[in-house]
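Q: return a 3D structure for these sequence lines:
(chains A and B)
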Amino acid sequence: AAMRSRAEVDATLQTAKLNPAELLPAVHCLSFGPQASSGECCLLQLEPGLCAELEAGRSLVIRGEKDEHAVLCSKDKTYAMKIADTSNMLLFVPGCKTPEELNADPASCNIIHAQIAGFSKNYWELRRCRPKLKKLRKLLMEDPYEGPDSRKDQTSTFSKYTTEDLLSLIQASEEEILHQLQVIDACKIEGYWRILDFEYEMKLLNNVTQLIDSESWPLSKVPLCACLEELGSLEPQEMIEHILLSYGRKYVDDAGEVFFEMCEDKICRAIAQMLLRNAVKFNLSEFEEVWQQSVPEGMTTRLDQLKGLALVDQSSRPETIFLLKVEDLPEDNQERFNSLFGIREKWTEVEITPYIQDLCAEKQTVGALLTKYARSSMLNGVKVYNSRRPIS
Amino acid sequence: LSSSGTGALAQWVLVELQGEVEPRQSGGLAGSLLGDLHYTCEGVPVLIVGHHILYGKVVQLEKPFAVLVKEGGAPQPGPGGPQSCYTVTALIKTKLLFKTRPKPIITHVPKKV
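A: Numbering: from 1, shown residues only, chains lettered A, B, ... in the order given. Have a look, this model is predicted:
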């Protein structure tokens, strides 16, 4: 189609009975560009901060495999994507100027031929969501590291993941993924992220705690160098350091020497897990006795160290305790609650909190989750929560 | 999806209209005219489309849009598809909203014989 001329524009104005004196001199003649109907362009509504990130040149990534809902990830946040319909037609027009821009530039063209690049009745909406990190642990558990002597590692690189691999498979931002790797004590071995096989991990921990005991080092001041020297013949240095980092807090003293302040809670918790995984459940008082005897000299065991790891059944006689790890439970809110209520019909808030805490969105409380997914009642003067619906 | 990398992102404008956009002639929309967009001296956008005048307003978007272009040419950017590559072509911070009823332009029609 031929481009409109000033004469044609003026003729239209006259027909429309509009007074050119009341209008800015510039006119945009809008036409549809060659690719307008192709549907290749779409709109994404940006949450606060994302616009600035794009303008700063940073990338956003859409992640999701066939069976997953797509999420959008910035450098450090994850958003769920949803299509929003409007009843209106949205046209996207490059080169279209606002009145302000026209007024600011007195030399602006009289006729601007603007081509509509595309149009749509809908756009993508974003909602900040929890990163989907359960898959991360699942992937790394496909091939836990059993130590340098293990035959497995030498034969294949099957099921081993680099940072790039994880970025393409996990629906979360890079920062969220790297943070989670730290939380689960993953380590990089030969460029691949690995989780230690639990027994191997306990073996390493045991080497360290026995050494601490035989050297009579204070738990708050375990020297790195000495550990590497004494244990270097038994285990790779990187593994010794990794176990110290996992179970202690690294610091440097005034003389520049590296020490670790061992984390009593985490060590006691790991030893409890080691004991509990050997049977379906244990007599509580027997367990507590064995547990205290099993931890390093100077450490005190407490049941609250086992939040999110084990559950006490106070209704059984005698009372029992069994392993229940929050990381083994479903990631989806409704599925998590179904699972918990399937394990136990009624929970107090104190009992259930460690098992739902990780579901809380930014600024959401455990109380809000309970209100939404559970029903409360009183049992022997104590407030308990049960399922909203019958569990099949 | 990342910005095209060649410096600052282009700023486009969104034009929001009621109803459907249909080609006047057969052969699709490409290349066909939509209409003339004017602004009054007060900055009110006026769109003349066919025999209608639409009055609108300039709105600064609270949540700007990014315009995504899909590489690979498939028509729908769906959540279930294999990983596709999108590029941010432009940002939209302003829209021209035409929600008022179009005023018909009454032209002088010669009397039929």
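Q: hey, where'd the strands end up in chain B?
A: Ranges of strands in chain B, per DSSP state E, are B:2-3, B:10-18, B:33-39, B:45-49, B:52-55, B:57-70, B:86-98, B:103-104.
Q: save the ones you listed as a markdown table, and put in mean neighbour count and mean pLDDT too.
A: In short, each C-beta sits where N, CA and C put it, glycine included. Compiled in a markdown table, those are given as follows (neighbours: other C-beta atoms under 10 Å in any protein chain shown; pLDDT from 0 to 100):
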| stretch | mean neighbour count | mean pLDDT |
| --- | --- | --- |
| strand B:2-3 | 18 | 52 |
| strand B:10-18 | 20 | 91 |
| strand B:33-39 | 22 | 91 |
| strand B:45-49 | 21 | 91 |
| strand B:52-55 | 18 | 88 |
| strand B:57-70 | 17 | 91 |
| strand B:86-98 | 21 | 89 |
| strand B:103-104 | 12 | 70 |
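Q: in a markdown table: the ones you listed, plus distance to residue A:117.
A: Below are the strands of chain B laid out as a markdown table (distance: least, C-beta to C-beta, whole Å):
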| stretch | distance to residue A:117 |
| --- | --- |
| strand B:2-3 | 16 |
| strand B:10-18 | 7 |
| strand B:33-39 | 12 |
| strand B:45-49 | 17 |
| strand B:52-55 | 20 |
| strand B:57-70 | 8 |
| strand B:86-98 | 8 |
| strand B:103-104 | 28 |
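Q: okay if I get those as JSON lines plus distance to chain A?
A: Output for these, formatted as JSON lines (distance: least, C-beta to the nearest C-beta, whole Å):
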{"stretch": "strand B:2-3", "distance to chain A": "4"}
{"stretch": "strand B:10-18", "distance to chain A": "4"}
{"stretch": "strand B:33-39", "distance to chain A": "4"}
{"stretch": "strand B:45-49", "distance to chain A": "6"}
{"stretch": "strand B:52-55", "distance to chain A": "6"}
{"stretch": "strand B:57-70", "distance to chain A": "5"}
{"stretch": "strand B:86-98", "distance to chain A": "6"}
{"stretch": "strand B:103-104", "distance to chain A": "9"}
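Q: between those strands, which one is closest to residue A:373.
A: Closest approach to residue A:373 among those (C-beta to C-beta): strand B:57-70, 29.7 Å.
Q: by contact count, what packs against the closest one?
A: Judged by 3 or more C-beta pairs under 8 Å, 6 or more residues apart in numbering or on different chains; DSSP states H and E, strand B:57-70 is in contact with strand A:41-45, helix A:50-55, strand A:118-128, strand B:10-18, strand B:86-98.
Q: need the longest helix for chain A.
A: In chain A, taking DSSP state H as the definition, the longest helix is helix A:198-215.
Q: right, and the helix or strand after that helix?
A: strand A:222-223 (DSSP states H and E).
Q: thinking again about what came up before, nearest to residue A:252, out of the helices and strands packed on strand B:57-70?
A: helix A:50-55 (35.4 Å).
Q: low pLDDT regions in the stretch 51-200 of chain A?
A: The model of the stretch 51-200 of chain A has pLDDT under 70 over residues A:106-109, A:152-157.
Q: how far away is the nearest residue to residue A:375 once chain neighbours are set aside from residue A:371?
A: Distances taken as C-beta to C-beta, 6 or more residues apart in numbering or on different chains put residue A:388 closest to residue A:375, at 5.0 Å, once the chain neighbours are dropped. Distance of residue A:388 to residue A:371, computed by C-beta to C-beta, to the nearest Å: 10 Å.
Q: tally of neighbours for residue B:41?
A: 12 (other C-beta atoms under 10 Å in any protein chain shown).
Q: next, the angle from the lengthiest strand in chain A to strand B:86-98.
A: Secondary structure of chain A per DSSP E: the longest strand is strand A:78-94. Here the directions of strand A:78-94 and strand B:86-98 differ by 60 degrees (axes from the mean of the first three to the mean of the last three C-alpha atoms, to 10 degrees).
Q: close to chain B, is strand A:78-94?
A: Yes: with C-beta under 8 Å from any C-beta of the partner chain as the criterion, chain B is reached by strand A:78-94 at A:81, A:86-94.
Q: just checking, next helix/strand downstream of that strand?
A: helix A:99-104.
Q: ok, and what's touching that next one?
A: Defining contact as C-beta atoms under 8 Å, 6 or more residues apart in numbering or on different chains, one finds that helix A:99-104 is touched by A:24, A:26, A:108, B:39, B:43, B:45, B:58.
Q: as CSV, could you dump the C-alpha coordinates of that helix?
A: Extracted in CSV, the C-alpha atoms of helix A:99-104 (Å, rounded to 0.1, in the frame of the first residue of the first chain):
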residue,chain,number,x,y,z
PRO,A,99,3.2,13.9,22.9
GLU,A,100,6.0,14.7,25.3
GLU,A,101,8.6,13.4,22.9
LEU,A,102,7.1,15.3,20.0
ASN,A,103,7.0,18.5,22.0
ALA,A,104,10.6,18.0,23.1
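Q: centre of the chain to the next helix or strand after that helix, how far?
A: Downstream of helix A:99-104, the first helix or strand assigned by DSSP H and E is strand A:111-116. Relative to the centre of its chain, strand A:111-116 is centred 45 Å away, using C-alpha atoms, centre = their mean, to the nearest Å.
Q: and strand A:111-116, which strands flank it?
A: strand A:27-32 (parallel) (DSSP bridges).
Q: now the partner strand: average pLDDT?
A: In this model, strand A:27-32 has an average pLDDT of 91.
Q: quick one, it and strand B:10-18 angle?
A: Going by the same axes, to 10 degrees, strand A:27-32 is angled at 80 degrees with respect to strand B:10-18.
Q: which residues does strand A:27-32 contact?
A: By C-beta under 8 Å, 6+ apart, the list of residues contacting strand A:27-32 from outside reads A:1, A:3-4, A:9, A:91, A:93, A:96-97, A:110-116, B:15, B:29-38, B:47.
Q: can you redo the contacts of helix A:99-104 as a markdown table with distance to residue A:348?
A: Listed next are the contacts of helix A:99-104 as a markdown table, based on distance: C-beta to C-beta, whole Å:
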| residue | distance to residue A:348 |
| --- | --- |
| A:24 | 69 |
| A:26 | 70 |
| A:108 | 70 |
| B:39 | 65 |
| B:43 | 62 |
| B:45 | 61 |
| B:58 | 57 |
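Q: correct me if wrong: residue A:168 contacts residue A:63.
A: Yes: applying C-beta atoms under 8 Å, one finds residue A:168 in contact with residue A:63, separated by 7.4 Å.
Q: more neighbours: which of the two?
A: residue A:63 (19 against 13).
Q: hang on, that one packs against residue A:174?
A: No: if you go by C-beta under 8 Å, residue A:63 and residue A:174 don't touch, sitting 10.8 Å apart.
Q: overlap in contacts of these two?
A: What both residue A:63 and residue A:174 touch, as defined by C-beta under 8 Å, 6+ apart, is the set residue A:73.
Q: walk me through the domains of chain A.
A: By the assignment in the TED database, chain A contains the domains A:6-128, A:133-195, A:198-262, A:297-387.
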